[in-house]
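Peer 1: Fold the following.
(chains A and B, ligands or ions: 2)
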Amino acid sequence: MSLAGPAEAPAPPCLHSQARVMSQDNRRLDYTLAGALAVLLLVPWYRVRGGFFSFDWPGELAGKHDLWPAMAQAVTGRWQIWPVLLLLALAAVQRLVRAPGAARGRALAVIGAAGLGWMMLEGMSIGLRGWNWGLLETLFGAAAGQPAFGAGALSLGLVFTLLIAFGLAERGALKGDAFVLGAISVLVLLVATFVFYPIVSMFTGAFQDFDGSFTTEGVTRNLIDPKIWSLSCLAGGYCGVAWRTFFLAVATATGTTVLGLAFALVATRTGFPFKKSLRLLTVLPIITPPFVVGLALTLMLGRAGVVTQWIETLTGFELGRWLYGLAGIWIAQMLSFTPISFLILIGVVDGISPSMEEASQTLRSDRWRTFRKVSLPLMAPGLANAFLIGFIESMADFGNPLVLGGSGGVLSTEIFFAVVGAQNDPARAAVLASILLIFTLSAFLAQRLWLAGRNFATVGGKGDGGRHALLPARVSGPVTCIVVVWGGFTVAVYALILFGGFVRIWGLDHSLTLEHYQRAFGIAFDGGVRWTGVAWNSFWTTMKIALLAAPLTAAVGLMTAWLIVRQHFPGRAAFEFALMMSFAIPGTVIGISYIMAFNLPPVQMTGSAAILIACFVFRNMPVGVRGGVAAMAQLDGSLDEASLTLGAGSGRTMRRVILPLMRPAILAALVYSFVRAITSISAVIFLVSAKYNMATAYIVGLVENGEYGIAIAYSSVLIVVMISIIGGFQLLVGERQMRRRENGMKEARA
Amino acid sequence: MSGETRGAVEFRQVRKLFGGFTAIRSLDLVIAPGELVTLLGPSGCGKTTTLRMLAGLESPTSGKILIGGQDVTRLPANRRDVSMVFQSYALFPHMNVAENVAYGLESGGMKRAEARAAAEAGLELVGLGGLGARLPAEISGGQQQRVAVARALVLEPQVLLLDEPLSNLDARLRRRVRTEIRDLQQRLGFTAVYVTHDQEEALAVSDRIVVMREGEIAQVGTPRELYDAPASEFIADFIGEANVVDAEILSVSSGQAQVRLGAMVAELPARGLAAGPARVALRSNALRVGGAGEAGLEGKVATSAFLGDHVEYEIESALGRIFVIDDESDEPLAPGTAVSLALRPRGAALIP
Ligand SMILES: Nc1ncnc2c1ncn2[C@@H]1O[C@H](COP(=O)(O)OP(=O)(O)O)[C@@H](O)[C@H]1O
Ligand SMILES: [Mg+2]
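Peer 2: Ligands and ions are numbered 1, 2, ... in the order given. Take a look at the predicted model:
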């Protein structure tokens, strides 16, 4: 072992433990290499059409070359697998002839990187029908086509990733902690595959022809398209979709910020009698599938809506289709996103130290001056934050524009129609998605970079306690008025959703009926249970996929949180930033990029349940990370360190110390990702298939066919299901906390 | 308002409940103009509540508060002629130092330019001239504290209120800043009400100290009075950590009592007590530690700690375990050594 290397691990304290470390180094390498060998000999290298886990393939092995494992593929002429075998053999030689240490570590890391690199290269270069690029064909001559990577190839990718991690561990990186290094490497691989690769594919997709060759025709045609960029609405004409989306987002962000502030002020600074129940509003966006508000608005204000009919009979005035367009989308988004802004601004308004306002009062200022000169300026960064989040939400919203957009769509719906409709113009979809992404990412960056330095943390140490000033009368009056009106409107909209499912034909025949529920959720008992309702299929699929995605999301999210909070690896800040940035990627963009990335080899997943699960896991992961980071920040770091000094490794520390303490955070992440998987639509609608249809996509289909009754009945059921899940969860966690507090009080008294 | 009453403060039977909880039982207190009065007491005894009622940030459940002879009980904070230095300083983070100091003047309707000039003068007063353009986050804790004082003082209030103004400073700075505050107060002659839970701080700055306990006044007096003549065991213990021991008054004549303390007999002011069993507060410097066999109380060293310029002992004696400071010898005696304790002329008092 060389003693000079700068990356050398610090000298182990005694020979005994050095031997232990070395045998661990060898043991994990043995397992990994043995696993790789088994995969090469037994597992199909390429994708199995009927699904790997159906296990139909062992029976069909004889006839189909594509089902053979890597070794057999290599022997029968697939030369692209030879380097993989060679590299693994080299790794085995390293294991046998060299002792663990920095030199072997470097070699293993290089082997792993080379293996991953080669697999990426050959996977991208050789498609179903041979070379993907004409240039390669002229250089190397014809090549046989290959299917997408399957279980074998993906496992080998994992093996190479682990080789990198183990190699780095032997070199002493991160104190030689193989567990942490492995976790980081695998995470980076996953995020690269499921977040960045799709986005990159989408960008390149914009520059491809139908046959995959490079062209700028589609991009240039779409970039200068007046349908996207025209600003003629300023002169009374019709604006392009990019500007309309932008104006809508500004209007929605402004509106939700003002309303959110009004709600937050009333909830914290007035004597309003229903302050507690106001906070219930904040759960609404979590439990409501995003298009439901739009749907309810059509029932209220649409052509056949109750309010519309009422006004028309009263005044004889023809209201028409005003709701279907930007105005309607704006109202729906205000209803949908005000609670989010409210939630943010409650924190902001509460976060102002009461002594600031009290100081102002003792300095001869009345409530109005205090509010204007002290409270409002202190809230300003928070208001900007709420504005930007409202902007991003509005840009990314897909459900409401889909239901209410009519002919005047926004970017997210235009993207959808560019690929699913008669247009079938992937280049247009890619260009539109890129525009949308640029808008939301700019807003995100503005929020992160510009606001970062502007947070007025309260100066000084020990606080005074004290009490927030009540609102001055000239503010509290109007604000309470706004809250009452808007709160009433929100309640009416939700009441309509629950009620609408029991009405025979909305707008025509308002007699009550259970027909819609029967058609959607009918059950027959003729010799066993038969799920005869039309909704059951998508309902159970949704439940299954959400149940599979939730633990994965929680695991990936919390693991990442742990790495970010507790491990100091190089590039940590960039890693966290990139992760959080993926939160600003609109679902529509994710959907379109997943189609473009995973429709063809090397990784082909469209039409499977796996693509839905992957989409949920990586779309909801930032939330899990955030929750995990918050929970972890409350756990004293000395707990981990205590465990480490007591001889436990990182893995054991995680299992025995961190996880048990984080149980509430884990539960929250599970519930949240489950609920999000059920309510989301924007990405899902691109990824569903006949076999795996999701509830939200199915409901949107019903709406498009004009079957409002069933759609509303189904939505109500979803809302009720989610209320029960969240309510049950709150009872569980809330009760536990209460019990702990009571015990604490008993102890204090004793 | 006459010149005599400006700056006078009076609490008349003030009572304050929070829900069902009695924070202040019944407070009667008169503060003379130009006086610096400290509210002292353990945490939770109601000092801050008293101060906030005076500032107008809480209103009393019953009773009256007078400032400058005028009843202000129902007057809101912004209309009272007092100003307050907060424990957290409560400097507005979005305004620079000068704007912070000028804020109250402008609230009162002063022209901006005039207010800025006055603010600059105020900053000069606390030794921070030229720092006006900085943000509060850009100056040190001690400077923030002085800005808070300047911001309150430029309003030339009748009464300045300070709620634990030094608790966010480190020990060394605390000593200096408290002297500065006392200097300013003496120089400008304003009335000040100063809240602290630190008895040393209270002794150092106050004209008079109001010791509070569980929402009531336990004793009011000058630092000297509280130290020499504690009204109760609580005061004796809270001010200067006295040993409280059993004693017997043998006789009383012309205000002086003969008191037997174990084997010793001492003459102490009788404080209205008659012959019989009594309690005596012995300060840590009331006894002199001598070698075994000398006159006085016999004892045995239980613990000793060398602290540089003095030695602290706990000594087991017939009166119980007694805490004594010896600043004469510098070689600490080992635990177990037999000693004798002799009474010094100062530091012992009968507790009524
Ligand atoms: N706003 C309030 N609501 C309820 N109880 C309060 C409030 N403010 C103070 N108290 C209680 O009144 C008592 C006195 O508080 P305070 O005056 O802050 O004590 P301190 O002497 O430490 O400054 C404490 O028991 C405290 O818990
Ligand atoms: Mg206090």
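
Peer 1: which SS state does the residue of chain B most remote from its centre fall under?
Peer 2: No residue in chain B sits farther from the centre than residue B:293, which is 41.0 Å out by C-alpha atoms, centre = their mean. Secondary structure state of residue B:293, per DSSP: H, G, I helix; E, B strand; the rest coil, is coil.

Peer 1: again, but for residue B:45
Peer 2: When classified by three-state DSSP, residue B:45 comes out as coil.

Peer 1: next one: residue B:26
Peer 2: strand.

Peer 1: So it sits against residue B:12, correct?
Peer 2: No - in this structure residue B:26 lies outside contact range of residue B:12 using C-beta atoms under 8 Å: 9.7 Å. Heads up, the C-betas are built off the backbone N, CA and C, glycines and all.

Peer 1: which residues do those two both contact?
Peer 2: Common neighbours of residue B:26 and residue B:12, counting by C-beta atoms under 8 Å, 6 or more residues apart in numbering or on different chains, are residue B:63.

Peer 1: What's the mean pLDDT across stretch B:6-26?
Peer 2: Mean pLDDT, computed over stretch B:6-26, is 93.

Peer 1: Show me what counts as buried in that stretch.
Peer 2: Under the neighbour-count criterion of 16 or more other C-beta atoms under 10 Å in any protein chain shown, stretch B:6-26 has B:6-12, B:14, B:16, B:22-24, B:26 buried.

Peer 1: Which pLDDT value goes with residue 89?
Peer 2: All of this refers to chain A. pLDDT for residue A:89: 90.

Peer 1: that's the wrong chain, I meant chain B
Peer 2: Reported pLDDT for residue B:89: 89.

Peer 1: so it sits in a helix?
Peer 2: No - using three-state DSSP, the assignment for residue B:89 is coil, not a helix.

Peer 1: Name all residues that make contact with the residue lying closest to it once chain neighbours are set aside.
Peer 2: Excluding the flanking residues, the one nearest residue B:89 by C-beta to C-beta, 6 or more residues apart in numbering or on different chains is residue B:148, at 4.1 Å. Applying C-beta under 8 Å, 6+ apart, we find residue B:148 in contact with B:85, B:86, B:89, B:90, B:91, B:165.

Peer 1: Could you look up the SS state of residue B:148?
Peer 2: Here residue B:148 is recorded as helix under three-state DSSP.

Peer 1: hang on, the earlier thing: let's see if you can find the most crowded of the contacts of residue B:148.
Peer 2: In terms of neighbours by other C-beta atoms under 10 Å in any protein chain shown, the contacts of residue B:148 top out with residue B:90 at 30 neighbours.

Peer 1: Double-check it against residue A:359; I have them as touching.
Peer 2: Yes - applying C-beta under 8 Å, one finds residue B:90 in contact with residue A:359, separated by 3.7 Å.

Peer 1: Residue in the stretch 251-352 of chain B with the shortest distance to chain A?
Peer 2: residue B:321 (27.5 Å; C-beta to the nearest C-beta).

Peer 1: and the residue farthest from the centre of chain B, how far is that from residue B:338?
Peer 2: When distance is defined by C-beta to C-beta, to the nearest Å, residue B:293 is 8 Å away from residue B:338.

Peer 1: do the same with residue A:473
Peer 2: Distance of residue A:473 to residue B:338, given as C-beta to C-beta: 77 Å.

Peer 1: Next: residue B:313.
Peer 2: Distance from residue B:313 to residue B:338, by C-beta to C-beta: 13 Å.

Peer 1: wait, what's in contact with the residue farthest from the centre of chain B?
Peer 2: Counting by C-beta under 8 Å, 6+ apart, residue B:293 makes contact with residue B:340.

Peer 1: Let me see the confidence value for it.
Peer 2: pLDDT for residue B:293: 79.

Peer 1: Next: residue A:463.
Peer 2: pLDDT recorded at residue A:463 is 56.

Peer 1: List the buried residues of stretch A:587-601.
Peer 2: Across stretch A:587-601, burial judged by 16+ other C-beta under 10 Å covers A:587-599, A:601.

Peer 1: Can you pull out the low-pLDDT segments for the chain?
Peer 2: Went with chain A since none was named. Confidence mapping of chain A against pLDDT under 70 gives the ranges A:1-21, A:209-213, A:237, A:406-408, A:422, A:451-465, A:647, A:733-750.

Peer 1: You answered for a different chain; I wanted chain B.
Peer 2: Scanning chain B for pLDDT under 70 picks out B:1-4, B:330.
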